[in-house]
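Engineer: Got a predicted model here, sequence first, then my questions.
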Amino acid sequence: MIDPHTPAHKPDQVLGERLSALTIGMDRLERRLNGGEGALDSEGLVPIYLGDQLFSPTELSGWDEAFEQLETLGAQAKSYLPGPRRRFLLDMTDSLRAAAQLFSGQELGFAEKLERLVGVPAQPVAPEQLQAMQAELDQLLLASGYRLGGLAERVARWEAERFVEPQKLETLFESLMTEAQQRTDERIFPTGDYHMRLNLVRGVPYSARCSFNKGQMDLNADLHFTPSGLKHLVCHEVFPGHSTQLLYTLEGARTGKSSPDALLCTANTVVGAIQEGIGDQGIHLIGWVESSDDVLHLALRRLRSAAATSAAWYQMGEGWPLEKVRAFLQETAFPQEVWLEGRLRFAAHPFRGPFIASYWYGDEAVREMRERAGQARLPEFVEFLYGQMNSTASLRMWA
(Lines give C-alpha, C1' and ligand atoms only; values in the text may rest on other atoms or scores of the structure.)
Protein backbone atom coordinates (compact mmCIF):
# COMPACT_ATOMS: atom_id res chain seq x y z
CA MET A 1 0.00 0.00 0.00
CA ILE A 2 1.28 3.49 -0.85
CA ASP A 3 1.57 6.04 1.95
CA PRO A 4 2.10 9.47 0.32
CA HIS A 5 3.16 10.97 3.66
CA THR A 6 6.33 8.93 4.15
CA PRO A 7 9.77 10.24 3.06
CA ALA A 8 9.81 7.52 0.39
CA HIS A 9 6.92 9.09 -1.48
CA LYS A 10 8.36 8.82 -4.97
CA PRO A 11 5.51 6.57 -6.24
CA ASP A 12 3.05 9.36 -5.41
CA GLN A 13 5.18 11.94 -7.23
CA VAL A 14 5.29 9.67 -10.28
CA LEU A 15 1.53 9.14 -10.21
CA GLY A 16 1.00 12.88 -9.77
CA GLU A 17 3.13 13.60 -12.80
CA ARG A 18 1.21 11.05 -14.88
CA LEU A 19 -2.09 12.50 -13.71
CA SER A 20 -0.99 16.02 -14.59
CA ALA A 21 0.37 14.96 -18.00
CA LEU A 22 -2.77 12.99 -18.86
CA THR A 23 -5.11 15.82 -17.85
CA ILE A 24 -3.24 18.32 -20.01
CA GLY A 25 -3.17 15.75 -22.80
CA MET A 26 -6.95 15.51 -22.57
CA ASP A 27 -7.20 19.30 -22.63
CA ARG A 28 -5.09 19.47 -25.80
CA LEU A 29 -7.03 16.62 -27.44
CA GLU A 30 -10.38 18.27 -26.75
CA ARG A 31 -9.19 21.57 -28.18
CA ARG A 32 -7.68 19.87 -31.24
CA LEU A 33 -10.83 17.89 -32.03
CA ASN A 34 -13.03 20.96 -31.63
CA GLY A 35 -11.11 23.39 -33.77
CA GLY A 36 -8.87 24.90 -31.13
CA GLU A 37 -11.57 26.72 -29.22
CA GLY A 38 -13.08 23.53 -27.85
CA ALA A 39 -16.39 22.78 -26.20
CA LEU A 40 -15.57 24.99 -23.24
CA ASP A 41 -15.71 28.41 -24.90
CA SER A 42 -11.88 28.60 -25.02
CA GLU A 43 -11.54 27.81 -21.30
CA GLY A 44 -10.44 24.27 -21.95
CA LEU A 45 -10.44 21.47 -19.42
CA VAL A 46 -7.61 23.31 -17.63
CA PRO A 47 -8.03 27.08 -18.14
CA ILE A 48 -4.63 28.02 -16.67
CA TYR A 49 -1.66 25.65 -16.49
CA LEU A 50 1.83 26.69 -15.37
CA GLY A 51 3.61 23.38 -15.75
CA ASP A 52 4.62 23.49 -19.42
CA GLN A 53 8.29 24.01 -18.52
CA LEU A 54 8.24 21.22 -15.93
CA PHE A 55 6.33 18.32 -17.49
CA SER A 56 5.33 17.24 -20.98
CA PRO A 57 1.65 16.44 -21.66
CA THR A 58 0.60 12.95 -22.68
CA GLU A 59 0.11 12.67 -26.41
CA LEU A 60 -3.32 11.15 -27.04
CA SER A 61 -4.58 9.87 -30.38
CA GLY A 62 -8.20 9.64 -29.22
CA TRP A 63 -10.56 9.22 -26.30
CA ASP A 64 -10.21 5.42 -26.10
CA GLU A 65 -6.57 5.92 -25.17
CA ALA A 66 -7.57 8.43 -22.50
CA PHE A 67 -10.05 5.96 -21.00
CA GLU A 68 -7.37 3.26 -20.89
CA GLN A 69 -4.90 5.50 -19.08
CA LEU A 70 -7.54 6.70 -16.62
CA GLU A 71 -8.33 3.08 -15.82
CA THR A 72 -4.67 2.45 -15.03
CA LEU A 73 -4.41 5.55 -12.83
CA GLY A 74 -7.60 4.63 -10.99
CA ALA A 75 -6.26 1.15 -10.27
CA GLN A 76 -3.02 2.64 -8.92
CA ALA A 77 -5.01 5.02 -6.69
CA LYS A 78 -6.74 2.04 -5.09
CA SER A 79 -3.36 0.84 -3.79
CA TYR A 80 -3.06 3.89 -1.52
CA LEU A 81 -3.74 3.74 2.20
CA PRO A 82 -7.19 5.13 3.15
CA GLY A 83 -7.03 8.88 3.58
CA PRO A 84 -7.43 12.23 1.79
CA ARG A 85 -4.90 11.45 -0.96
CA ARG A 86 -6.55 8.18 -1.93
CA ARG A 87 -9.99 9.80 -1.85
CA PHE A 88 -8.86 12.66 -4.06
CA LEU A 89 -7.15 10.44 -6.64
CA LEU A 90 -10.24 8.26 -6.97
CA ASP A 91 -12.50 11.30 -7.24
CA MET A 92 -10.20 12.99 -9.76
CA THR A 93 -9.84 10.00 -12.07
CA ASP A 94 -13.61 9.50 -12.11
CA SER A 95 -14.12 13.22 -12.77
CA LEU A 96 -11.76 13.04 -15.73
CA ARG A 97 -13.53 9.91 -16.94
CA ALA A 98 -16.83 11.82 -16.87
CA ALA A 99 -15.21 14.68 -18.80
CA ALA A 100 -13.86 12.25 -21.39
CA GLN A 101 -17.29 10.69 -21.76
CA LEU A 102 -18.82 14.09 -22.48
CA PHE A 103 -16.04 15.11 -24.86
CA SER A 104 -16.36 11.85 -26.77
CA GLY A 105 -20.08 12.40 -27.36
CA GLN A 106 -21.66 10.38 -24.57
CA GLU A 107 -24.65 11.73 -22.66
CA LEU A 108 -24.63 12.30 -18.90
CA GLY A 109 -27.53 13.62 -16.88
CA PHE A 110 -27.17 16.79 -14.83
CA ALA A 111 -27.18 14.80 -11.57
CA GLU A 112 -24.33 12.59 -12.75
CA LYS A 113 -22.35 15.62 -13.89
CA LEU A 114 -22.71 17.13 -10.41
CA GLU A 115 -21.73 13.97 -8.56
CA ARG A 116 -18.90 12.79 -10.79
CA LEU A 117 -17.57 15.77 -12.73
CA VAL A 118 -17.87 18.38 -9.94
CA GLY A 119 -17.88 16.03 -6.95
CA VAL A 120 -20.84 17.61 -5.13
CA PRO A 121 -24.36 16.45 -4.16
CA ALA A 122 -27.02 16.35 -6.88
CA GLN A 123 -29.62 18.36 -5.01
CA PRO A 124 -30.70 21.92 -4.30
CA VAL A 125 -29.79 23.73 -1.11
CA ALA A 126 -32.55 22.99 1.42
CA PRO A 127 -35.31 25.65 1.41
CA GLU A 128 -35.08 26.02 5.19
CA GLN A 129 -31.36 26.74 4.83
CA LEU A 130 -32.10 29.49 2.34
CA GLN A 131 -34.72 30.90 4.70
CA ALA A 132 -32.20 30.93 7.55
CA MET A 133 -29.76 32.89 5.38
CA GLN A 134 -32.51 35.37 4.50
CA ALA A 135 -33.30 35.77 8.20
CA GLU A 136 -29.64 36.46 8.96
CA LEU A 137 -29.50 39.04 6.17
CA ASP A 138 -32.67 40.66 7.49
CA GLN A 139 -31.12 41.07 10.96
CA LEU A 140 -27.91 42.52 9.55
CA LEU A 141 -29.86 45.08 7.53
CA LEU A 142 -31.92 46.03 10.56
CA ALA A 143 -28.74 46.50 12.58
CA SER A 144 -27.40 48.77 9.82
CA GLY A 145 -30.50 50.95 9.97
CA TYR A 146 -32.44 49.52 7.02
CA ARG A 147 -35.85 49.02 8.58
CA LEU A 148 -38.40 50.19 6.02
CA GLY A 149 -39.70 47.95 3.24
CA GLY A 150 -39.41 44.30 2.36
CA LEU A 151 -36.13 42.42 2.36
CA ALA A 152 -35.64 42.71 -1.42
CA GLU A 153 -36.24 46.47 -1.29
CA ARG A 154 -33.80 46.96 1.59
CA VAL A 155 -31.08 44.89 -0.11
CA ALA A 156 -31.44 46.96 -3.27
CA ARG A 157 -31.30 50.21 -1.29
CA TRP A 158 -28.20 49.12 0.66
CA GLU A 159 -26.38 48.18 -2.56
CA ALA A 160 -27.46 51.36 -4.38
CA GLU A 161 -26.31 53.63 -1.55
CA ARG A 162 -22.86 52.03 -1.54
CA PHE A 163 -22.46 51.78 -5.32
CA VAL A 164 -18.91 52.59 -6.47
CA GLU A 165 -18.91 54.90 -9.49
CA PRO A 166 -17.09 53.33 -12.48
CA GLN A 167 -14.45 56.05 -12.58
CA LYS A 168 -13.50 55.23 -8.97
CA LEU A 169 -13.20 51.48 -9.40
CA GLU A 170 -9.56 51.37 -10.46
CA THR A 171 -8.28 53.50 -7.58
CA LEU A 172 -10.25 51.45 -5.07
CA PHE A 173 -9.09 48.22 -6.71
CA GLU A 174 -5.43 49.23 -6.41
CA SER A 175 -5.72 50.15 -2.74
CA LEU A 176 -7.59 46.94 -1.91
CA MET A 177 -5.11 44.81 -3.80
CA THR A 178 -2.15 46.39 -1.99
CA GLU A 179 -3.53 45.50 1.43
CA ALA A 180 -4.75 42.07 0.30
CA GLN A 181 -1.27 41.24 -0.99
CA GLN A 182 0.38 42.37 2.24
CA ARG A 183 -1.97 40.21 4.31
CA THR A 184 -1.52 37.26 1.95
CA ASP A 185 2.28 37.54 2.11
CA GLU A 186 2.09 37.46 5.91
CA ARG A 187 -0.44 34.66 6.33
CA ILE A 188 -0.49 32.47 3.22
CA PHE A 189 2.45 32.71 0.82
CA PRO A 190 5.04 35.30 -0.28
CA THR A 191 3.72 36.48 -3.65
CA GLY A 192 6.78 38.56 -4.56
CA ASP A 193 6.34 41.22 -7.20
CA TYR A 194 3.23 39.66 -8.77
CA HIS A 195 0.68 42.31 -9.66
CA MET A 196 -2.71 42.40 -11.33
CA ARG A 197 -4.37 45.29 -13.08
CA LEU A 198 -8.10 45.90 -13.41
CA ASN A 199 -9.74 45.22 -16.79
CA LEU A 200 -13.37 46.24 -17.22
CA VAL A 201 -15.45 44.04 -19.55
CA ARG A 202 -19.09 43.89 -20.62
CA GLY A 203 -21.54 41.28 -21.86
CA VAL A 204 -20.03 38.40 -19.87
CA PRO A 205 -21.81 35.86 -17.61
CA TYR A 206 -19.43 36.24 -14.65
CA SER A 207 -18.83 38.93 -12.03
CA ALA A 208 -15.05 38.75 -12.20
CA ARG A 209 -12.36 36.47 -13.61
CA CYS A 210 -8.69 35.81 -12.94
CA SER A 211 -6.82 36.25 -16.23
CA PHE A 212 -3.55 35.19 -14.64
CA ASN A 213 -1.48 34.95 -17.81
CA LYS A 214 -2.47 38.49 -18.79
CA GLY A 215 -1.88 39.87 -15.31
CA GLN A 216 -5.38 41.25 -15.04
CA MET A 217 -8.61 40.80 -13.12
CA ASP A 218 -11.54 41.08 -15.51
CA LEU A 219 -14.49 42.82 -13.87
CA ASN A 220 -18.01 42.85 -15.29
CA ALA A 221 -18.75 46.56 -15.71
CA ASP A 222 -22.44 45.80 -16.34
CA LEU A 223 -22.79 45.08 -12.60
CA HIS A 224 -22.77 47.55 -9.72
CA PHE A 225 -20.29 46.88 -6.91
CA THR A 226 -20.06 48.02 -3.31
CA PRO A 227 -16.60 48.53 -1.75
CA SER A 228 -17.10 45.32 0.23
CA GLY A 229 -18.14 43.50 -2.93
CA LEU A 230 -15.02 44.60 -4.79
CA LYS A 231 -12.91 43.70 -1.76
CA HIS A 232 -14.32 40.17 -1.81
CA LEU A 233 -13.57 39.81 -5.53
CA VAL A 234 -9.96 40.96 -5.06
CA CYS A 235 -9.59 38.28 -2.40
CA HIS A 236 -11.32 35.68 -4.57
CA GLU A 237 -9.48 36.29 -7.82
CA VAL A 238 -6.07 37.57 -6.71
CA PHE A 239 -4.88 37.60 -3.07
CA PRO A 240 -5.21 35.04 -1.47
CA GLY A 241 -7.45 33.41 -4.11
CA HIS A 242 -6.81 32.12 -7.61
CA SER A 243 -3.60 33.97 -8.45
CA THR A 244 -2.08 33.07 -5.09
CA GLN A 245 -3.05 29.41 -5.47
CA LEU A 246 -1.38 29.33 -8.89
CA LEU A 247 1.82 30.86 -7.51
CA TYR A 248 1.79 28.52 -4.50
CA THR A 249 1.28 25.34 -6.52
CA LEU A 250 3.91 26.30 -9.09
CA GLU A 251 6.48 26.77 -6.34
CA GLY A 252 5.42 23.50 -4.71
CA ALA A 253 5.76 21.55 -7.94
CA ARG A 254 9.13 23.14 -8.73
CA THR A 255 10.60 22.23 -5.33
CA GLY A 256 8.95 18.82 -5.02
CA LYS A 257 7.05 19.89 -1.91
CA SER A 258 3.79 19.33 -3.79
CA SER A 259 2.90 16.49 -6.10
CA PRO A 260 2.92 17.56 -9.79
CA ASP A 261 -0.88 17.29 -9.99
CA ALA A 262 -1.03 20.43 -7.81
CA LEU A 263 -0.51 22.24 -11.11
CA LEU A 264 -4.08 21.23 -12.04
CA CYS A 265 -5.54 23.66 -9.51
CA THR A 266 -7.74 25.41 -12.11
CA ALA A 267 -9.04 22.24 -13.80
CA ASN A 268 -12.75 21.98 -14.58
CA THR A 269 -12.98 18.83 -12.45
CA VAL A 270 -13.49 18.04 -8.76
CA VAL A 271 -10.68 20.47 -7.88
CA GLY A 272 -12.88 23.34 -9.10
CA ALA A 273 -15.00 23.37 -5.96
CA ILE A 274 -11.94 23.78 -3.74
CA GLN A 275 -10.51 26.46 -6.02
CA GLU A 276 -13.74 28.45 -5.66
CA GLY A 277 -13.89 27.67 -1.94
CA ILE A 278 -10.42 29.14 -1.46
CA GLY A 279 -11.56 32.22 -3.38
CA ASP A 280 -14.76 32.72 -1.42
CA GLN A 281 -13.07 32.04 1.94
CA GLY A 282 -10.07 34.17 1.01
CA ILE A 283 -11.17 37.23 2.97
CA HIS A 284 -11.46 35.03 6.08
CA LEU A 285 -8.14 33.28 5.48
CA ILE A 286 -6.32 36.62 5.66
CA GLY A 287 -8.47 37.98 8.51
CA TRP A 288 -9.88 40.93 6.59
CA VAL A 289 -13.54 41.07 7.62
CA GLU A 290 -13.43 44.45 9.34
CA SER A 291 -16.77 46.25 8.99
CA SER A 292 -20.52 45.71 9.23
CA ASP A 293 -20.68 46.22 5.45
CA ASP A 294 -18.19 43.39 4.96
CA VAL A 295 -20.31 41.09 7.11
CA LEU A 296 -23.49 42.11 5.31
CA HIS A 297 -21.98 41.63 1.87
CA LEU A 298 -20.67 38.17 2.77
CA ALA A 299 -24.10 37.13 4.04
CA LEU A 300 -25.69 38.37 0.80
CA ARG A 301 -23.04 36.68 -1.34
CA ARG A 302 -23.51 33.39 0.52
CA LEU A 303 -27.28 33.56 -0.01
CA ARG A 304 -26.85 34.26 -3.71
CA SER A 305 -24.37 31.42 -4.11
CA ALA A 306 -26.77 28.98 -2.46
CA ALA A 307 -29.73 30.26 -4.48
CA ALA A 308 -27.77 29.96 -7.74
CA THR A 309 -26.93 26.35 -6.87
CA SER A 310 -30.60 25.56 -6.27
CA ALA A 311 -31.69 27.44 -9.40
CA ALA A 312 -29.24 25.49 -11.58
CA TRP A 313 -30.65 22.25 -10.19
CA TYR A 314 -34.23 23.33 -10.82
CA GLN A 315 -33.32 24.54 -14.32
CA MET A 316 -31.20 21.63 -15.53
CA GLY A 317 -31.97 18.83 -13.07
CA GLU A 318 -35.73 19.18 -12.77
CA GLY A 319 -36.47 21.01 -16.00
CA TRP A 320 -38.29 24.03 -14.60
CA PRO A 321 -39.32 26.64 -17.18
CA LEU A 322 -36.89 29.55 -17.32
CA GLU A 323 -39.48 32.03 -16.07
CA LYS A 324 -40.06 29.92 -12.97
CA VAL A 325 -36.32 29.69 -12.31
CA ARG A 326 -35.96 33.43 -12.87
CA ALA A 327 -38.77 34.13 -10.39
CA PHE A 328 -37.16 31.81 -7.84
CA LEU A 329 -33.87 33.72 -8.03
CA GLN A 330 -35.58 37.09 -7.84
CA GLU A 331 -37.62 36.08 -4.79
CA THR A 332 -34.78 34.29 -3.02
CA ALA A 333 -31.54 36.15 -3.77
CA PHE A 334 -32.65 39.70 -4.76
CA PRO A 335 -30.04 39.89 -7.55
CA GLN A 336 -29.13 42.51 -10.10
CA GLU A 337 -30.67 41.58 -13.45
CA VAL A 338 -27.29 41.17 -15.16
CA TRP A 339 -26.18 38.68 -12.51
CA LEU A 340 -29.44 36.73 -12.79
CA GLU A 341 -29.28 36.39 -16.58
CA GLY A 342 -25.63 35.41 -16.38
CA ARG A 343 -26.45 32.56 -14.00
CA LEU A 344 -29.22 31.27 -16.28
CA ARG A 345 -26.76 31.22 -19.21
CA PHE A 346 -24.07 29.61 -17.09
CA ALA A 347 -26.37 26.80 -15.89
CA ALA A 348 -27.44 25.89 -19.41
CA HIS A 349 -23.89 25.24 -20.64
CA PRO A 350 -23.61 21.46 -21.28
CA PHE A 351 -20.19 21.14 -19.62
CA ARG A 352 -19.69 24.16 -17.39
CA GLY A 353 -23.27 24.40 -16.11
CA PRO A 354 -22.92 22.01 -13.17
CA PHE A 355 -19.90 23.98 -11.92
CA ILE A 356 -22.27 26.65 -10.59
CA ALA A 357 -22.61 24.33 -7.62
CA SER A 358 -18.84 24.35 -7.05
CA TYR A 359 -19.08 27.83 -5.50
CA TRP A 360 -21.55 26.89 -2.76
CA TYR A 361 -20.21 23.45 -1.94
CA GLY A 362 -16.58 24.50 -2.18
CA ASP A 363 -17.15 27.52 0.05
CA GLU A 364 -18.87 25.34 2.63
CA ALA A 365 -16.13 22.69 2.62
CA VAL A 366 -13.30 25.21 3.02
CA ARG A 367 -15.25 27.18 5.64
CA GLU A 368 -15.93 24.08 7.75
CA MET A 369 -12.29 23.02 7.74
CA ARG A 370 -11.02 26.56 8.34
CA GLU A 371 -13.25 26.85 11.37
CA ARG A 372 -12.12 23.44 12.59
CA ALA A 373 -8.49 24.52 12.25
CA GLY A 374 -8.95 27.74 14.22
CA GLN A 375 -6.06 30.17 14.53
CA ALA A 376 -3.77 27.64 16.18
CA ARG A 377 -3.77 25.21 13.25
CA LEU A 378 -4.41 27.64 10.42
CA PRO A 379 -0.85 27.43 8.97
CA GLU A 380 -1.11 23.64 8.90
CA PHE A 381 -4.50 23.83 7.20
CA VAL A 382 -3.26 26.40 4.65
CA GLU A 383 -0.42 24.05 3.68
CA PHE A 384 -2.89 21.22 3.14
CA LEU A 385 -5.41 23.46 1.35
CA TYR A 386 -3.01 25.10 -1.09
CA GLY A 387 -0.24 22.53 -1.26
CA GLN A 388 -2.15 19.55 -2.57
CA MET A 389 -5.22 18.99 -4.68
CA ASN A 390 -8.51 17.99 -3.11
CA SER A 391 -12.13 17.26 -3.82
CA THR A 392 -14.74 18.38 -1.30
CA ALA A 393 -14.78 14.81 0.07
CA SER A 394 -11.01 14.57 0.54
CA LEU A 395 -10.77 18.06 2.05
CA ARG A 396 -13.24 17.10 4.75
CA MET A 397 -10.89 14.27 5.74
CA TRP A 398 -8.27 16.77 6.90
CA ALA A 399 -7.16 16.35 10.51
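Structural biologist: Cool, got the structure.

Engineer: I'd like the average pLDDT over stretch 96-114.
Structural biologist: On average, the pLDDT along stretch 96-114 is 97.

Engineer: Just the endpoints, please. Distance across that stretch?
Structural biologist: 13 Å (Cα to Cα, to the nearest Å).

Engineer: List of residues touching that stretch?
Structural biologist: 22-23, 26, 29-30, 33, 39, 45, 63, 66-67, 70, 74, 116-117, 120-122, 268-269, 313, 316-317, 350-351, 353-354, 357 (Cβ atoms under 8 Å, 6 or more residues apart in numbering). In short, each C-beta sits where N, CA and C put it, glycine included.

Engineer: and what of stretch 176-196?
Structural biologist: 210, 215-217, 230-231, 234-235, 237-240, 243-244, 247-248, 251, 285-288, 378, 382, 386.

Engineer: What segments of the stretch 101-250 of the chain are helices?
Structural biologist: 110-112, 127-143, 151-161, 166-187, 227-237, 242-255 (DSSP state H, counting those that start in this stretch).

Engineer: tell me the angle the fifth one makes with helix 151-161.
Structural biologist: Spelled out, that is helix 227-237. 90 degrees (axes from the mean of the first three to the mean of the last three Cα atoms, to 10 degrees).

Engineer: on that earlier part again, between the helices of the stretch 101-250 of the chain, which gets nearest to residue 399?
Structural biologist: Of all those, it is helix 166-187 that lies closest to residue 399, at 18.9 Å by Cβ to Cβ.

Engineer: For burial, what's the neighbour tally of residue 92?
Structural biologist: 27 (other Cβ atoms under 10 Å).

Engineer: In contact with it, which residues are there?
Structural biologist: Here residue 92 is in contact with 19, 261, 269, 270, 271, 389, 391 (criterion: Cβ under 8 Å, 6+ apart).

Engineer: Now the buried members of the residues you listed.
Structural biologist: 19, 261, 269, 270, 271, 389, 391 (16 or more other Cβ atoms under 10 Å).

Engineer: Where does pLDDT dip in the stretch 1-150 of the chain?
Structural biologist: By pLDDT under 70, the weakly predicted segments of the stretch 1-150 of the chain are 5-9, 35-42.

Engineer: Same check on the stretch 251-399 of the chain?
Structural biologist: Scanning the stretch 251-399 of the chain residue by residue, none of them satisfies pLDDT under 70.

Engineer: In it, what residue spans correspond to helices?
Structural biologist: So, for the stretch 251-399 of the chain - with DSSP H, counting those that start in this stretch - the helices run 271-285, 292-312, 322-333, 337-348, 356-373, 378-387, 392-395.

Engineer: Put together CSV for these, with distance to residue 222 on each row.
Structural biologist: What follows is these, written out as CSV (distance: least, Cβ to Cβ, whole Å):
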stretch, distance to residue 222
helix 271-285, 21
helix 292-312, 16
helix 322-333, 17
helix 337-348, 5
helix 356-373, 19
helix 378-387, 32
helix 392-395, 31
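
Engineer: Most tightly packed of these?
Structural biologist: helix 271-285 (a mean of 26; mean count of other Cβ atoms under 10 Å).

Engineer: what helices or strands is it leaning on?
Structural biologist: helix 227-237, helix 242-255, helix 292-312, helix 356-373, helix 378-387, helix 392-395 (3 or more Cβ pairs under 8 Å, 6 or more residues apart in numbering; DSSP states H and E).

Engineer: could you dump the ones you listed to TSV with distance to residue 110?
Structural biologist: Output for these, formatted as TSV (distance: least, Cβ to Cβ, whole Å):
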stretch	distance to residue 110
helix 227-237	26
helix 242-255	26
helix 292-312	8
helix 356-373	10
helix 378-387	29
helix 392-395	18
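
Engineer: Among these, which comes closest to residue 78?
Structural biologist: helix 392-395 (14.6 Å).

Engineer: For that closest one, which outside residues touch it?
Structural biologist: For helix 392-395, contacts defined as Cβ under 8 Å, 6+ apart pick out 84-85, 87-88, 91, 119-120, 270, 273-274, 277, 361-362, 365-366, 369, 385.

Engineer: What spatial separation is found between the nearest residue to residue 47 once chain neighbours are set aside and residue 210?
Structural biologist: Excluding the flanking residues, the one nearest residue 47 by Cβ to Cβ, 6 or more residues apart in numbering is residue 266, at 5.0 Å. With distances taken as Cβ to Cβ, to the nearest Å, residue 266 is found 8 Å from residue 210.

Engineer: Mind listing the shared neighbours of these two?
Structural biologist: With contacts taken as Cβ under 8 Å, 6+ apart, residue 266 and residue 210 have 48, 242 as neighbours in common.

Engineer: Distance check, residue 114 against residue 389.
Structural biologist: From residue 114 to residue 389 the distance is 19 Å (Cβ to Cβ).

Engineer: How much space separates the residue lying closest to residue 381 once chain neighbours are set aside from residue 325?
Structural biologist: Once flanking residues are discounted, residue 381 sits nearest to residue 373: 3.8 Å by Cβ to Cβ, 6+ apart. Going from residue 373 to residue 325 by Cβ to Cβ gives 37 Å.

Engineer: now residue 132
Structural biologist: Separation of residue 132 from residue 325 (Cβ to Cβ) stands at 22 Å.

Engineer: Repeat that for residue 332.
Structural biologist: 11 Å.

Engineer: who touches both of these two?
Structural biologist: residue 311.

Engineer: residue contacts, residue 162?
Structural biologist: Counting by Cβ under 8 Å, 6+ apart, residue 162 has contacts 226, 227, 228, 293.

Engineer: Just among these, which is most surrounded?
Structural biologist: Sorting the contacts of residue 162 by how many neighbours each has (other Cβ under 10 Å) puts residue 228 first, at 22 neighbours.

Engineer: Skipping its backbone neighbours, what lies nearest that residue in space?
Structural biologist: Going by Cβ to Cβ, 6+ apart, residue 228 has residue 297 as its nearest residue, at 3.8 Å.

Engineer: Test my guess that the one you found contacts residue 230.
Structural biologist: No - at 9.6 Å, residue 297 and residue 230 do not qualify as touching, with contact defined as Cβ atoms under 8 Å.
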